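> sequence? don't have it. structure:
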């Protein structure tokens, strides 16, 4: 509310409504905060995506443990397949880390996000584009 009051130059006695999730506890909001949302909902899914990526890498690397003789062409195809699997697994996580970092870091530091929301939006839009292009 204070940020909106300063941004739009409202009179201190003027009443207005602000919709959103504050970074700090506010009585009128039932003590719900963006930090609680980030740490309780966003961060676990982000960490689980990295765990899934690590499991996929481990399973792909395990394929090499079988002692099977392959032709050079098959080995080359396997290397290319491995690179594509890595890209498909890690690129969406890397791209989505930009908006998550833009959201979590200011929430922890109690800073104003400001125009960084545009970078968040563009990063989220890029995920399907990158997956399709791979």
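Received it, and whenever you're ready, just let me know what you need. Fair warning: this is a prediction, and the values are worked out from it, not measured in the lab. Numbers count the residues shown, from 1 in each chain.

> Name the single longest helix found in the protein.
helix 72-109 (DSSP state H).

> give me the low-pLDDT residue ranges for this protein?
Low-confidence segments of the chain (pLDDT under 70): 20-21, 23, 29, 63-68, 118, 124, 127-134.

> Return the set of buried residues in the longest helix of the chain.
Judged by neighbour count using 16 or more other Cβ atoms under 10 Å, the buried positions of helix 72-109 are 89, 91-92, 95-96, 98-100, 102-104, 106-107. Heads up, the C-betas are built off the backbone N, CA and C, glycines and all.

> In terms of helices and strands, where is the nearest residue to residue 82 once chain neighbours are set aside?
Using Cβ to Cβ, 6 or more residues apart in numbering and skipping residues adjacent in sequence, the residue nearest residue 82 is residue 60, 6.0 Å away. Assigned by DSSP states H and E, residue 60 belongs to helix 43-62.

> and that helix, what other elements does it pack with?
Helix 43-62 is packed against helix 72-109, with contacts defined by 3 or more Cβ pairs under 8 Å, 6 or more residues apart in numbering; DSSP states H and E.

> got the angle for the helix it packs on vs helix 43-62?
Per axes from the mean of the first three to the mean of the last three Cα atoms, to 10 degrees, the angle that helix 72-109 makes with helix 43-62 is 160 degrees.

> Over to residue 115: give its phi and psi.
When read as degrees, to the nearest 10, the backbone of residue 115 gives phi -70, psi 0.

> re earlier: ok, the residue nearest to residue 82 - contacts?
By Cβ atoms under 8 Å, 6 or more residues apart in numbering, residue 60 lies in contact with 82, 85, 86.

> could I get those as TSV with distance to residue 37?
Formatted as TSV, the contacts of residue 60 follow (distance: Cβ to Cβ, whole Å):
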residue	distance to residue 37
82	37
85	32
86	31
